[in-house]
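Student: sequence unknown, structure follows:
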């Protein structure tokens with residue numbers, strides 16, 4: 001599936017990488033959902049802000065859970081230069 005926006009450089013924090021490894025999952029699974037504008041477990045206000053950000057070029061935030069229940073955030077910067085996979089505690 002082709003992303004609806006540029007993800008830019010892909011980076012991940014040590015905590016996110018550990019959580020993904022412990023769950024036996026790959027960041028690519030979550031990055032594909034994020035790029036397809038499937039925002040995951042964000043509230044309705046954040047979903048609306050993300051939908052607007054697709055048009056006006058603001059930051060994009062998605063939230064997902066690994067198979068072990070650990071919450072992962074994926075944030076694409078407003079300038080679309082990079083996308084980071086991180087734990088909320090690492091923000």
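Tutor: Happy to help now that I have it. Source: prediction; values computed, not measured.

Student: Not counting stretch 42-58 itself, show me its contacts.
Tutor: 4, 5, 37, 39, 59, 60, 61, 62, 63, 78, 79, 80 (Cβ atoms under 8 Å, 6 or more residues apart in numbering). Bear in mind the C-beta positions are built from the backbone N, C-alpha and C, glycine included.

Student: Of all the residues in that stretch, which ones are buried?
Tutor: 42, 46, 49, 50, 53 (16 or more other Cβ atoms under 10 Å).

Student: now it: mean pLDDT?
Tutor: For stretch 42-58, the mean pLDDT works out to 96.

Student: Assumed residue 50 was part of a helix.
Tutor: Yes. Judged by DSSP: H, G, I helix; E, B strand; the rest coil, residue 50 forms part of a helix.

Student: Which of the three states applies to residue 10?
Tutor: On the three-state scheme (three-state DSSP), residue 10 is labelled strand.

Student: Going by distance to residue 73, which of the buried residues of stretch 42-58 wins?
Tutor: Set against residue 73, the nearest of the buried residues of stretch 42-58 by Cβ to Cβ is residue 42 (9.1 Å).
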